[in-house]
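Peer 1: this one's structure only:
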């Protein structure tokens, strides 16, 4: 059994050469290279592949030879062959039979030497142009032998089986290539002109159709001398300085067009360009023209090198392979032109057309005929340079950049390539927006997926934009919408567990199923493409928001956050504070969460909170913060709201931590208001009781003044927090949510809302100094409460003793005794004196407390006035409405209007 290597095309071709020539592998190396060049040539057949036309020619030839019975038998056999589907290339078989029947080398009795048959090479019409051709890497082919001076017929050998395979001219038979069969001189008669005229390509005949009479004259009356002279010059002179004819240059140029070195024009590796051999005897005009034409071969090599390197690179991705396919398509058209040019040159050789005639192929005509292909190859080479190292959407952007040109010819070429290159991207895009599927193996699409991200972070982290891969013909707004469409579909399926088919969400339109559809789409990017993206975006986003609002009550949960965590439910918060006060005044370490949860449920049932949805009340809970030494229940208590499922996408952990910070701040501020309310109640209740203690009136007055200052401060702060911060920000949030077109708009509006209340409630890093001063004010309020409680306790004890003393004295009088004895009266006066002596200490304690409080407030006002936030500046004006602090603090003397003007100038 043959090994795989023995079945390779190279080995089989070499065995064929050995079998035909009857020699060893070492002896047929040169013929083997020649055969490889013939098979690997890029020229296409110049005959029309019409099976029935060839069959008719065979029948006419049989009839011409008076073989009518054979013609009838051939017709019957051809009919049977046509009815069977075993053979695919019937035309090729019939054409081979026709060629063999007309080949004069085939004798009626027997076939002459197989070596002579092989030495004649292939007919010019049997060549093919493969769509993609890669030279076998295992063959160390060298084309330098064409210029070997020892070859007598190097002009024929130098054609790579393309332009030197003509069997004969009008002047007689062509010589057998000597390098193939040294020592043999077999010659064969030529093929008739009748068949050859029918096998020429359309363009080759178009090039000569304008001079039919001249061609006829040439074929009939021109002597063979001129053509033979030309042919002898092509075959070369073995001398030092060769006389190179224009015909030889034309033949070399056709090789150079394919990237193959000619006899006289070769690639210079040092200068990276094609150069004419220095020993060639050429005029300057011919040399310059040849160099200009050779640029086409250099451009071809540049493009071919890029495609050969990238076509087999899988990591290049689908977009890159589409780009290579587009380049191959353009090269195929280029090879078609070369095939036509070669056919024209071969036709001249066969018919003996002189180069001096108007219809002959010259360098100047090549310049004209290759002008447009040169522009195309220049454009392709520029694209290849610009696209080096790029892939995916980045490569499509590089191609799209070349469509911005004023040359309509170049623009149409690049747009055609762009339609092919962008087809995979549009296929990715439509699969993503209509199915939510992302099949991007080589990371070419501008939407990236992270498979390690869990479901709860799907919306935020799993899908992102690869900005470098966004094609330049897709705007950032369009790419953001594309991302949101597919993300919404996946969010519905994986997080919301909504398995509604995409077709019911979106009116699916026909996608770009072919490059032509992509090309049509590019002609109307602003309307058709934008319309598809917008339709899918609006319908998908609307469906997602409907599911979140109706099935998962997103807006209801948002309002619950406002009512409970931002203290919007006033009656509930007040009643909760009343119920929690006995528990929260205790040390934090003695609290139990289940006790506080029971109190919370009691507060819910006793207020309007009971009318909320059970789903909302189920999520409301109590949370105890981390305990620090000396903390009371007020310092660690917090309300919590449990979120999960789809609503956790809006209320993320970061958002809930912000809500916790804001709740603690608002809870502390609410507690200050609660404390001052208790202080005012104490004033009102104890003022009448302590009228009988007149010496205590000064203390009460001082205490009342300080409490009034604090009440004013807290009321203004509460007004600022409640109305200017929370209510205004909430109103903006609610309006944005009502107008939101997608979930991202809701998330962004919610984050802006939280950031606003964090910064305006002085909880951000830039307001740390203000927050410290505000907490110091809160501490002074607690100090006042403790001091006042101690003062009232002392005063009420004193009042109680005095009432007991008076009661005792009255009781004695009723009993007929003295009211008091001298000793009891002296003791009472001593105790009253001690109480009077303690009053200055109470007054001094209140004065110290007042001094500290006013100093803290003054510093707070200074910070407010220097703030960049206008609302904080106006807050300072309201806190010091009567300019009480302004009179005591020089830094507050600058008016608010002047300060505002100064800040605006700076």
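Peer 2: Cool, the structure landed. Predicted, not measured: the structure shown is a model, and the values here were computed from it.
Peer 1: Tell me which helix or strand the residue of the chain most remote from its centre sits in.
Peer 2: Centroid-distance maximum for the chain: residue 816 at 106.6 Å, with CA atoms, centre = their mean. Residue 816 is located outside every helix and strand, with elements delineated by DSSP states H and E.
Peer 1: Show the model's pLDDT score for it.
Peer 2: Looking at residue 816, its pLDDT reads 72.
Peer 1: got it, and residue 713?
Peer 2: 94.
Peer 1: wait, it sits on residue 857?
Peer 2: Yes: with contact defined as CB atoms under 8 Å, residue 713 and residue 857 form a contacting pair (6.6 Å). Heads up, the C-betas are built off the backbone N, CA and C, glycines and all.
Peer 1: Determine the residues that are contacts of both of those two.
Peer 2: 777, 879 (CB atoms under 8 Å, 6 or more residues apart in numbering).
Peer 1: Tell me, please, where in this protein the pLDDT is lower than the cut-off.
Peer 2: Residues of the chain meeting the criterion pLDDT under 70: 1-7, 40-49, 85, 102-242, 351-359, 507-526, 819, 894-906.
Peer 1: That one: strands as residue ranges?
Peer 2: 168-169, 172-173, 242-243, 265-268, 273-276, 280-281, 447-449, 463-465, 620-624, 637-641 (DSSP state E).
Peer 1: now the helices: where do they sit in the stretch 201-350 of the chain?
Peer 2: Ranges of helices in the stretch 201-350 of the chain, per DSSP state H, counting those that start in this stretch, are 202-208, 212-221, 225-235, 246-257, 284-311, 317-351.
Peer 1: which of those sits most buried?
Peer 2: Greatest average neighbour count among these goes to helix 246-257 (a mean of 25), per mean count of other CB atoms under 10 Å.
Peer 1: Enumerate every residue touching the nearest residue to residue 710 once chain neighbours are set aside.
Peer 2: Leaving aside its chain neighbours, residue 710 sits nearest to residue 781 (5.3 Å; criterion: CB to CB, 6 or more residues apart in numbering). By CB under 8 Å, 6+ apart, the residues touching residue 781 are 672, 675, 676, 710, 714.
Peer 1: circling back to that earlier point, what about the helices of the stretch 201-350 of the chain, which gets the closest to residue 50?
Peer 2: helix 202-208 (13.5 Å; CB to CB).
Peer 1: any idea how far residue 794 lies from residue 291?
Peer 2: 115 Å (CB to CB, to the nearest Å).
Peer 1: ok now do the most centrally placed residue in the chain, which residues does it touch?
Peer 2: In the chain, the residue lying closest to the centroid (CA atoms, centre = their mean) is residue 446, at 1.8 Å. Each residue near residue 446 by CB under 8 Å, 6+ apart is listed here: 392, 393, 465, 466, 467, 469, 470, 471, 474, 479, 482.
Peer 1: Which of those residues are buried? Put it as a PyMOL command.
Peer 2: Burial among these is assessed by 16 or more other CB atoms under 10 Å; the matching PyMOL selection reads:
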select buried, resi 392+393+466+469+470+471+474+479+482
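Peer 1: can you tell me which of the contacts of residue 446 lies nearest to residue 760?
Peer 2: Distances from residue 760 to the contacts of residue 446, taken by CB to CB, are shortest for residue 465, at 32.1 Å.
Peer 1: Please report the distance of residue 845 from residue 859.
Peer 2: Taking CB to CB as the measure, residue 845 falls 22 Å from residue 859.
Peer 1: my bad, should have said residue 686
Peer 2: Applying CB to CB to residue 686 and residue 859 gives a distance of 32 Å.
Peer 1: same check, this time on residue 700
Peer 2: For residue 700 relative to residue 859 (CB to CB), the value is 28 Å.
Peer 1: Also residue 338?
Peer 2: On the measure of CB to CB, residue 338 and residue 859 end up 89 Å apart.
Peer 1: likewise residue 51?
Peer 2: From residue 51 to residue 859 the distance is 103 Å (CB to CB).
Peer 1: Check residue 369 too.
Peer 2: 90 Å.
Peer 1: again, but for residue 774
Peer 2: 11 Å.
Peer 1: In terms of neighbours, single out the busier of these two.
Peer 2: residue 774 (23 against 19; other CB atoms under 10 Å).
Peer 1: how about that one, what does it touch?
Peer 2: 717, 762, 860.
Peer 1: what residues are up against residue 491?
Peer 2: 458, 459, 544, 646, 649, 743.
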